[in-house]
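A.B. asks: Here is my input, please return the structure:
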Amino acid sequence: LHTADLVALSGGMAGPISHAILRNNLAEAESRAKRLRDMFPGRFYIEIQDHGHDAQRKVMRTLVDLAESLKLPLVITNDSHFT
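C.D. replies: Numbering: from 1, shown residues only. So this is what the prediction gives:
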């Protein structure tokens, strides 16, 4: 893989880790996080956002726990939409 100069984020609510959490599949969420961690060593961040949505808050709590258990850094982001 050609990932040496790239930084990766987990993708917020649109990402595969969050999708797995929303389906209550924590094993899949952890597996995906580990895979991305291994693809981007030292450059993979768990992304969290808080726009006040219930589903987002549920995912955020689980993402924080996942980041802590896998020793992954967190990054807080916000959706940006513009033309």
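A.B. asks: helix or strand right after the strand of greatest length in the chain?
C.D. replies: When the chain is parsed with DSSP state E, its longest strand is strand 44-48. Helices and strands here follow DSSP states H and E; after strand 44-48, the next one along the chain is helix 54-70.
A.B. asks: Can you mark which positions in that next one are buried?
C.D. replies: Buried residues in helix 54-70, counting neighbours by 16 or more other CB atoms under 10 Å, are found at Gln56, Val59, Met60, Thr62, Leu63, Leu66, Ala67. To be clear about C-beta, it is placed using only N, CA and C from the backbone, and glycine gets the same treatment.
A.B. asks: again with stretch 34-52
C.D. replies: So for stretch 34-52, counting by 16+ other CB under 10 Å, buried means Leu36, Arg37, Phe40, Arg43, Phe44, Tyr45, Ile46, Glu47, Ile48, Gln49.
A.B. asks: I'd like those as CSV, with distance to Met13 and pLDDT appended.
C.D. replies: What follows is those, written out as CSV (distance: CB to CB, whole Å; pLDDT from 0 to 100):
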residue, distance to Met13, pLDDT
Leu36, 16, 96
Arg37, 20, 97
Phe40, 20, 95
Arg43, 22, 97
Phe44, 18, 97
Tyr45, 15, 97
Ile46, 13, 97
Glu47, 9, 95
Ile48, 10, 94
Gln49, 7, 91
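A.B. asks: and the most centrally placed residue in the chain, what does it touch?
C.D. replies: The chain has Ser10 as the residue nearest its centroid, 3.1 Å off, counting by CA atoms, centre = their mean. Taking CB atoms under 8 Å, 6 or more residues apart in numbering as the contact definition, Ser10 lies against Ile17, Ser18, Ala33, Leu36, Phe44, Tyr45, Ile46, Glu47, Leu63.
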